[in-house]
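**Q** Sharing a sequence plus its predicted fold:
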Amino acid sequence: MRIPLIVGNWKMYKNHREAVELVAGLWDMIEGVRGVEVAVCPPFTSIPAVAQFMVERSMTLGLGAQDVFYEKEGAYTGEVSVPMLASLGVGMAIVGHSERRQIIGEDDAVVAKKLRAVINGGMKAILCCGETLEEREAGGAFDKVGGQLDLDLEGVTAEVADNLVIAYEPIWAIGTGVNATPNDAQEMISFIREKISRLWGKEAADDVRVLYGGSVKPDNASSLISMPDIDGALVGGASLKASDFAEIVRAAIG
C-alpha cells in the first residue's frame, strides 16, 4: 500500500525566521497525525534553520529542496549540489517544476541530469510534469506528459523506483482560476502510472507515488486525494499557512 505524501513547496517565500515559525505552527497541528508522510521544501536560505529546528523538536517531517544542481561540486556560481543538501539533512528535491521549465528555461535534458543526480545521491526526487492550457486544448496533453517522462527518466531504471515521486502539475490550473476536476487529475495520473508500467513494469508502477500539484487547497484536497491513483499532493500557496496545510494533511487520511 502506498502511503500518502503531502509536500509543501514554499517557493520564494519566508526568510529563515518566518520559515521556522511556519514549521513550528504546522507541527503543533499535525504532530499526532498518522498514516501520511509530510514534507516541506523551504527556500535554500531557510533550510539550515528549519533543519536544526526539526532536530531540536524531534520532528518526523521530511525536509526537501525546491531545486538542485546536477554536479557534485565545481565552478558553478550560485548552484547547490546534492551532497551539500544531504549534509543538512535534506532527503528529497523537486526537479522539473513548471516554473523552472517556463521561467528559468530548463529543458528535459537538464531535468534528466538533475533527476539522476538526486537519485544517485541517495535522495528522493520529486519529478514534476504537466501541460499548458494550449497543449490541452489542442489535444496534446498526454503526448506532452508522456514525452516529458520518456526524456526525464532516460537512464533511470526500476531498481530506484522507491526514490522516485512524480508530481502531475497541470500548468493551466496553477494560479489561473481554472481548476482541474478530480476526474481530470485522475485521468492523467492513471496515464502516468500506465506509462511507468510500460517503462518499468507493473510492480514498479504500483510502487511509485504520483502526486497532484495544481492549486491544491483545503476545500478540494479531499476530493482529489481520494481518487484511486492519486497518492497525495504537491502544495504551493496553501502550504504557506500552517492551518491550511494541516487541513490538507488531514484530508490525505480521510
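**A** Done, it's in.
**Q** Please look at residue 174 and residue 212 and confirm they touch.
**A** No. Counting by CB atoms under 8 Å, no contact exists between residue 174 and residue 212, whose distance comes to 11.4 Å. (C-beta placed from N, C-alpha, C; glycine too.)
**Q** Which one's more surrounded, these two?
**A** Of the pair residue 174 and residue 212, residue 212 is the one with more neighbours under other CB atoms under 10 Å, namely 30 against 18.
**Q** List the residues that contact that one.
**A** Neighbour list for residue 212: 167-169, 180, 185, 189, 224-225, 230, 232-234 [criterion: CB atoms under 8 Å, 6 or more residues apart in numbering].
**Q** ok, and the closest non-adjacent residue to it?
**A** Counting by CB to CB, 6 or more residues apart in numbering, residue 212 lies nearest to residue 185, which is 4.8 Å off, once chain neighbours are set aside.
**Q** wait, doesn't the one you found sit right on residue 230?
**A** Yes. With contacts defined as CB under 8 Å, residue 185 counts as touching residue 230 at a distance of 6.2 Å.
**Q** Looking at those two now, which is surrounded by more residues?
**A** Neighbours per residue (other CB under 10 Å) separate residue 185 from residue 230, with residue 185 holding more: 28 against 23.
**Q** isn't there a helix covering that one?
**A** Yes. Counting by DSSP: H, G, I helix; E, B strand; the rest coil, residue 185 is found in a helix.
**Q** mind listing what it touches?
**A** Contacts for residue 185 (CB under 8 Å, 6+ apart) come out as 168, 170, 212, 214, 224, 227, 230.
**Q** phi, psi of the fifth one?
**A** Just to be clear, that refers to residue 224. Here is the backbone geometry of residue 224 (degrees, to the nearest 10): phi -80, psi -50.
**Q** Report how many residues lie close to it.
**A** For residue 224, the number of neighbouring residues by other CB under 10 Å comes to 26.
**Q** In this structure it contacts residue 234, no?
**A** No. Between residue 224 and residue 234 no contact is recorded; they are 11.3 Å apart, counting by CB under 8 Å.
**Q** what residues are shared contacts of these two?
**A** For the pair residue 224 and residue 234, residues contacting each of them under the criterion CB under 8 Å, 6+ apart are 212, 216.
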